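1. What would the 3D arrangement of this be:
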Amino acid sequence: MLSGPFGVGKRTLAQLLSLCLFCKEGDAAPCGQCKACKRLVSESHPDHLVLRLLPNAKSIKIDQVRDILSQLSQYPLEGGRRVVVLEDFDLFTVPAQNALLKAIEEPDQATSFILTATNEKAVLSTILSRCRLQRLPAWPDEALASFLTSRGLCEKTVQDLVPLSGGSPGTAMRLAEDEDFWSLKTRADEAFLGLRGPLGLPEASDKLKDFRQEASQLMDYLETKAIVSFNPETLNQSDPDTRRTASLRHRALLESLFLARRQLASNVTWQGIADQLLLNILEENQPCPW
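-> Numbers count the residues shown, from 1 in each chain. Okay, the predicted model is just below:
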């Protein structure tokens, strides 16, 4: 089982492991050029079975599992090795997980299982105990920046994405291609730019009123900014009083955003929520941390 946050490369590593198992080049595997490698990458290899979430579905149900089990009851079509990749296993329903237990517990000699999961707690303990668990951590900033640069993104975009993506290349690339996100980011940054004290409150309030239809997305963005604006490593070099004050302000900022979310779900007017959020930020963080 490959476990880790969204977008850190679990699916890519699962494919790489599969390539190593099927490639015909021995110690040079995976070569990426042999027939087996090319068929696997194009998802046309008959003995490489992948079970993943269907479009618009929120879970993987037992009906999908039965189809895989039916194929496992037969010999590999090409008479050699077979690999079963179970993506997002934490999204499998409990009946679906239970149906796979015996197959995972007692695979035939030709069959290997590779599972991926973001939330290990959603995987049955009976499944976890039968897996060799490999956790994939979030990427360091330097590695993520290098990856994004290699994908042709400009330096300014990379600088914006690295702190917002939580060490996830998948998240970073998704944000890079999301025009709505960049529009919201630009407008949100402009709204808070002048919030350096009470005098900037009216202008910020006026700009935030336009986010009524995008309030939830705005909260997501602000929470991410709040998290990445807090740098424990830098604070460790400060005196105890400075560290304590910064920690309290950071906690108050997150609590203000949490309160705004609760109000958003309670039919409070958006302008009232926005104004209260601005007041809370100014009260605990002067100037505004963004």
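2. alpha carbons only for contacts and neighbour counts from here, please
-> Noted.
3. what's the nearest residue to residue 224 if we skip its chain neighbours?
-> In this structure, residue 224 finds its nearest non-sequential neighbour in residue 164, 6.2 Å apart by C-alpha to C-alpha, 6 or more residues apart in numbering.
4. Am I right that that neighbour is in contact with residue 225?
-> Yes: contact criterion C-alpha atoms under 8 Å: residue 164 and residue 225 qualify, at 6.9 Å.
5. Compare those two and say which is more crowded by neighbours.
-> A direct count of neighbours by other C-alpha atoms under 10 Å for residue 164 and residue 225 places residue 164 higher, at 19 against 15.
6. show me what contacts that one?
-> Counting by C-alpha atoms under 8 Å, 6 or more residues apart in numbering, residue 164 touches 172, 224, 225, 228.
7. in what helix or strand does residue 85 lie?
-> For residue 85, the host element (DSSP states H and E) is strand 82-86.
8. That strand: which residues count as buried?
-> Buried residues in strand 82-86, defined by neighbour count with 16 or more other C-alpha atoms under 10 Å: 82, 83, 84, 85, 86.
9. Looking only at the strand or helix carrying residue 256, what residues are buried by neighbour count?
-> If you go by DSSP H and E, residue 256 is part of helix 240-264. Under the neighbour-count criterion of 16+ other C-alpha under 10 Å, helix 240-264 has 243, 246-247, 249-250, 252-254, 256-257, 260-261, 264 buried.
10. for stretch 98-112, same thing?
-> Of the residues in stretch 98-112, those buried under the neighbour-count criterion (16+ other C-alpha under 10 Å) are 98, 100, 104, 111, 112.
11. Likewise for stretch 52-67?
-> By 16+ other C-alpha under 10 Å, the buried positions in stretch 52-67 come out as 52, 53, 59, 60, 61, 62, 65.
12. Mark which of those residues are part of helices, please.
-> Judged by DSSP state H, helices contain the following of the buried residues of stretch 52-67: 62, 65.
13. Can I get the buried residues of stretch 52-67 in JSON lines including pLDDT and distance to residue 157?
-> Shown next, in JSON lines, are the buried residues of stretch 52-67 (pLDDT from 0 to 100; distance: C-alpha to C-alpha, whole Å):
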{"residue": "52", "pLDDT": "95", "distance to residue 157": "31"}
{"residue": "53", "pLDDT": "93", "distance to residue 157": "31"}
{"residue": "59", "pLDDT": "95", "distance to residue 157": "34"}
{"residue": "60", "pLDDT": "95", "distance to residue 157": "35"}
{"residue": "61", "pLDDT": "94", "distance to residue 157": "39"}
{"residue": "62", "pLDDT": "94", "distance to residue 157": "42"}
{"residue": "65", "pLDDT": "95", "distance to residue 157": "41"}
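14. Just the closest of the buried residues of stretch 52-67 to residue 160, please.
-> Taking C-alpha to C-alpha as the measure, residue 160 lies nearest residue 53 of the buried residues of stretch 52-67, at 30.7 Å.
15. Give me the nearest residue to the closest one, chain neighbours excluded.
-> Distances taken as C-alpha to C-alpha, 6+ apart place residue 60 nearest to residue 53, at 5.7 Å, with adjacent residues excluded.
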